[in-house]
Every structure is written in structure tokens, then in C-alpha cells.
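Participant: compute the structure for the input listed below.
(one chain, ligands or ions: 2)
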Amino acid sequence: MRWNERLYIRDLPDKIGETHTLHGWIQFTRKSGKIRFLGLRDGSSIMQGVLVEGETEEEAFNLFKELRQETSVEVTGVVQESTQSQYKVELLVKTIKILGKSEQYPITPKEHGIDFLLSNRHLWLRSKKQVALFQVRSTVIQAIRDFLFQYRFVQMDSPILTCSVGEDPSGLFGVEYFDMGTAYLAQTGQLYLEASIAAHGNVFCFGPTFRAEKSKTRRHLTEFWMMEAEMAFFDSNDNMDFQEDLIQFIIKRVLETCDWYLQQLERDPEILKQALAPFKRYSYSEAVELLQSKDSKIKWGEDLGAAEETLLTDGSYLPAFVHDYPKEVKAFYMKENPEDPRTVRCDDMLAPEGYGEIIGGSQREDSYEKLLNRIKEEKLPVESYDWYLDLRKYGTVVHSGFGLGLERLVGWICGIPHVRETIPFPRLMERLTP
Ligand code: 4AD
Ligand code: MG
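Facilitator: Ligands and ions are numbered 1, 2, ... in the order given. Prediction:
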């Protein structure tokens with residue numbers, strides 16, 4: 001049998017009455033009177049196998065006693081309809097073959113502490129909720145790509161080893177780079193995307209990014225995945241429209257295809273449906289006024305923290321944009337707002353329910369002089385930015401872009417509060433294994 005002819009649980013709905021062989025891992029076993037049940041997980045789904053005296057071979061009953069959580073098996077049986085499973089099938093087991101034993105699997109159905117689970121991340125990934133979570137994450141990644149390719153964006157992979165600074169010079173990981181001194185792990189691919197728009201118009205990159213931030217919060221990883229898009233001839237408003245359409249496209253895809261996984265995650269799809277209305281848009285100044293009216297102590301000029309972000313979307317399941325922040329709290333490359341030069345034409349998209357900033361975006365400074373001044377004002381090494389400044393010398397255009405944090409987005413969609421769970425192997429200040 002060629003690899004692509006192999007059958008999985010997801011292929012069984014139109015195989016009712018046929019005998020087939022499946023491979024996978026035992027999720028559970030259970031007895032009820034003379035009947036035995038097993039849960040088989042094969043990567044495509046979980047399905048129940050039923051062992052019935054007179055129908056199942058004697059030897060399979062004997063082997064059943066040896067099955068443990070996560071024993072790997074080959075099971076042959078007759079496909080039957082069932083109301084229980086994702087694909088509405090079960091297997092009337094005929095024969096069982098044990099492939100790999102599993103004695104005293106550390107993760108049992110009882111409650112475990114988060115440290116224990118993270119230390120056993122390599123095994124925890126097999127648990128029902130984790131399986132559902134990463135099915136949704138994978139769906140979200142596919143949806144992002146589908147949306148971008150539908151609009152003919154070109155993927156321009158950006159380097160991970162860089163010499164220039166990206167977002168925040170204080171949050172860089174350095175690595176020794178031959179005899180050239182220190183290289184830095186990329187915090188963003190944005191500057192490289194800006195170089196690519198003159199070649200391709202609309203571009204994106206999607207990869208891991210690194211921040212040596214000493215933040216131990218539910219929203220911070222030291223390594224996280226970011227999709228960044230950059231568009232020529234887009235101003236800040238186009239940028240926000242585009243971000244809103246992208247997020248709604250993703251939500252719709254998840255609602256259409258991930259019903260079962262949302263159910264496993266106990267995430268109510270009705271909540272996500274509410275994000276399909278036009279997002280709220282507040283200027284930073286409006287946001288500050290609104291916050292003050294909600295008894296926040298924030299003053300104009302200060303950055304919004306997690307508490308303020310949560311307060312802004314409080315009482316609603318709809319994301320909100322905050323745009324045009326004060327220059328001082330944002331990165332050097334953002335376009336000065338011609339209507340109020342104290343501010344820059346940027347936007348943060350805030351997810352509701354306390355999930356906070358999932359997108360950071362801006363129109364970029366396209367004037368050579370203004371950009372050079374900002375680099376100097378921020379005391380950044382001008383020589384590292386000579387190529388970036390070149391982009392303003394040779395055919396500069398209005399352009400905008402943004403970065404979407406995958407783990408925060410998936411956290412919000414799945415209702416998982418901490419990003420340490422929404423990436424397969426989290427990298428945190430105090431964790432580098434497994
Ligand atoms: O707002 P940020 O820092 O924006 C940039 O990096 C821009 N250069 C992007 C661009 O315009 N091309 O990061 C973008 C997003 C945030 O909104 C957040 O979702 C996520 O990346 N993010 C993190 N996610 C997990 N852990 C961290 N430490 C994160 N820092 C940022
Ligand atoms: Mg940001």
C-alpha cells in the first residue's frame with residue numbers, strides 16, 4: 001500500500017460495513033459488562049473500538065488486558081456508525097496487535113500542575129484539548145496564507161540572523177557570528193519586507209521572532225511566530241481595513257471547519273461570531289478619554305498596558321483598534337501624523353476578553369529626512385540603517401504593514417489565556433526544555 005492509500009479515522013464515514021486496519025495510540029480503555037471499549041487516536045481523530053464476545057477474536061480479548069494509555073496498536077475491525085465521535089464512526093474490533101508498550105504514562109486524566117505539564121510537553125501534546133488546540137492553530141495558519149495568496153501577496157522570507165535592530169534594542173538575543181562580532185536574532189522581518197514591496201507590491205513573511213523581554217506575563221514568549229505583511233500604497237486606514245478583513249476571514253474559517261475542536265476546547269463559537277461585525281476604532285486620544293471615564297489613572301502620553309487594553313474592550317466580544325499613539329511610545333519607523341505631529345499613524349488591534357494586542361501595525365515614515373531624524377533621535381546606529389534609508393531615496397511611496405502574533409491570536413480564538421500553551425514547545429524566560 002502506498003502511503004497515500006493508508007486509511008485514517010477521518011476517511012471512515014463512507015466505509016460503513018467494510019473491514020479496515022488502523023494504526024494509532026490507545027487513549028483509554030473501559031469495560032461495561034461483557035463489552036470492552038478502547039479509544040483509538042490516529043492523528044486524524046479519536047474513535048471508539050468495541051470488543052464483543054462472539055464477534056471479536058478471543059486473542060484480542062486477551063491483549064485488551066495489556067492495553068494501557070498510549071500503547072501503540074494496529075487494530076482491524078468493521079466500521080460502524082456511531083453518534084459519539086467527530087466522524088460519527090466506531091470500529092467493531094476483530095483483531096488487535098500491540099506495536100509499542102506504554103507502562104505508567106505520566107499524564108493521566110487527573111489534574112496536573114502547569115509546571116509538570118510543561119516539563120512533559122512532549123507528551124502533553126497528545127492530550128485531547130492540546131490536540132484540538134493545535135488543529136485550530138494549523139487551521140489559522142492555513143487561513144492566513146489562503147487570505148494572503150488570494151490577494152496575490154508574495155512570501156518574502158526574512159533573515160533570522162540580523163545585524164540591525166528591529167523593534168526594541170533592549171530585547172535582543174545576541175549570538176556570536178564568526179569574526180564579525182554579535183549577530184542578533186530577528187525581532188521582526190518588517191524592514192526586509194519594506195525593501196521587498198518595490199519589487200512585489202504586497203508581501204509577507206511568517207516565521208519565528210525573538211524577544212529577550214524580561215516579561216513573565218500570559219502574553220509573552222521569548223520565541224513566537226509572527227505573520228508580517230507589508231503593502232505599497234496603503235495608508236494607515238487601508239492597513240486597518242485589511243487587518244480587520246484578515247481576522248474576520250480567519251474567524252470564519254475556524255467557525256466553518258473547527259466546530260468539533262472548539263467543542264473539545266469548550267470554546268463557545270457564538271462568542272467568536274460576534275467578532276464578525278465592524279471592529280471598534282478609537283484614536284489614542286479617544287481611548288485615553290474613554291479609559292479615564294472608566295476610572296483609569298492613565299494620562300495622555302503614556303503607553304497602554306494590559307489593564308488598559310482589557311478595559312477598552314470590556315463588556316464586548318468585538319476587537320478594537322487603537323490608532324495614532326504618541327510618538328514616544330512607539331517605534332522609530334512610524335509615520336508622523338500630519339494632523340497631529342505628537343502622534344504617529346499606527347494601530348494596535350486589541351482582542352476582547354483580556355487577550356490584548358494581537359496586531360501591531362503602522363504606516364511607515366516615507367520621508368528620508370524625517371526617518372533619518374527619528375533614527376538619530378532614538379540614538380540608533382545610523383550606519384546599520386543605511387540600506388533601510390536607501391528605500392526612501394529610490395522611489396519612496398506611501399506604505400504600511402503590520403505584525404500578527406500567532407500565539408496570541410490562537411489563544412483568543414481557542415479561549416486559552418496563556419500563550420505558553422498555544423505554541424508547541426514554548427520558550428519562556430525560565431524554560432528552554434523540552
Ligand atoms: O507590535 P510588535 O512589536 O510589532 C512589530 O514587530 C512590527 N515590526 C510588526 C510590523 O509592523 N511588521 O509585534 C507584533 C505582534 C504583537 O501585536 C503581538 O501579537 C506579537 O507580535 N508579540 C508577541 N507575542 C508573543 N510574545 C511576545 N513577546 C510578543 N511580542 C509581540
Ligand atoms: Mg506592539
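
Participant: hey, let's count contacts and neighbours off CA atoms from now on
Facilitator: Noted.

Participant: the spatially closest residue to F234 that is not a sequence neighbour bridge partners, please.
Facilitator: Excluding the flanking residues, the one nearest F234 by Cα to Cα, 6 or more residues apart in numbering is H399, at 5.0 Å. Taking DSSP bridges as the rule, H399 bridges to A232.

Participant: ok, H399 touching E230?
Facilitator: Yes. With contact defined as Cα atoms under 8 Å, H399 reaches E230; the gap is 7.3 Å.

Participant: more neighbours, those two?
Facilitator: More crowded of H399 and E230, by other Cα atoms under 10 Å: E230, with 30 against 24.

Participant: separation between that one and L99?
Facilitator: 49 Å (Cα to Cα, to the nearest Å).

Participant: now P381
Facilitator: In this view, P381 and L99 are 59 Å apart by Cα to Cα.

Participant: count residues in the vicinity of the nearest residue to A212 once chain neighbours are set aside, would you?
Facilitator: Nearest residue to A212, sequence neighbours excluded (Cα to Cα, 6+ apart): G171, at 4.3 Å. Neighbours of G171 under the rule other Cα under 10 Å: 18.

Participant: surely G171 is in contact with E213?
Facilitator: Yes. With contact defined as Cα under 8 Å, G171 reaches E213; the gap is 5.1 Å.

Participant: would you say I144 is within a strand?
Facilitator: No. Counting by DSSP: H, G, I helix; E, B strand; the rest coil, I144 is not part of a strand but helix.

Participant: is it in contact with I250, as I believe?
Facilitator: Yes. I144 is in contact with I250 according to Cα under 8 Å; the separation is 6.6 Å.

Participant: in the stretch 51-200 of the chain, what residue lies closest to ligand 1?
Facilitator: Nearest to ligand 1, among the residues of the stretch 51-200 of the chain, is Q190, at 4.3 Å (Cα to the nearest ligand atom).

Participant: so which bits of the stretch 51-200 of the chain are right by ligand 1?
Facilitator: 167, 188, 190 (Cα under 6 Å from any ligand atom).

Participant: wouldn't the last one be in contact with M231 here?
Facilitator: This points to Q190. No. Using Cα under 8 Å, Q190 makes no contact with M231, being 11.0 Å away.

Participant: of those two, which one has the most company?
Facilitator: Between Q190 and M231, counted using other Cα under 10 Å, the more crowded position is M231 (26 against 22).

Participant: wait, what's in contact with the more buried one?
Facilitator: Counting by Cα atoms under 8 Å, 6 or more residues apart in numbering, M231 touches 197, 201-203, 399-401.

Participant: which one of those residues is nearest ligand 1?
Facilitator: Among these, and counting by Cα to the nearest ligand atom, the member closest to ligand 1 is G401, at 5.0 Å.

Participant: wait, is the closest one part of a strand?
Facilitator: Yes. According to three-state DSSP, the state of G401 is that of a strand.

Participant: excluding sequence neighbours, find me the nearest residue to it.
Facilitator: What sits nearest to G401 in space, not counting adjacent residues and going by Cα to Cα, 6+ apart, is E230, at 4.1 Å.

Participant: and the one you found, that's in a strand?
Facilitator: Yes. Applying three-state DSSP, one finds E230 inside a strand.

Participant: next up, the contacts around it.
Facilitator: 190, 193-194, 197, 202-204, 399-402.

Participant: what segments of the stretch 101-250 of the chain are helices?
Facilitator: 114-119, 121-124, 128-150, 190-200, 236-257 (DSSP state H, counting those that start in this stretch).

Participant: in a markdown table: these, plus mean pLDDT.
Facilitator: Below are the helices of the stretch 101-250 of the chain laid out as a markdown table (pLDDT from 0 to 100):
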| stretch | mean pLDDT |
| --- | --- |
| helix 114-119 | 97 |
| helix 121-124 | 98 |
| helix 128-150 | 98 |
| helix 190-200 | 98 |
| helix 236-257 | 98 |
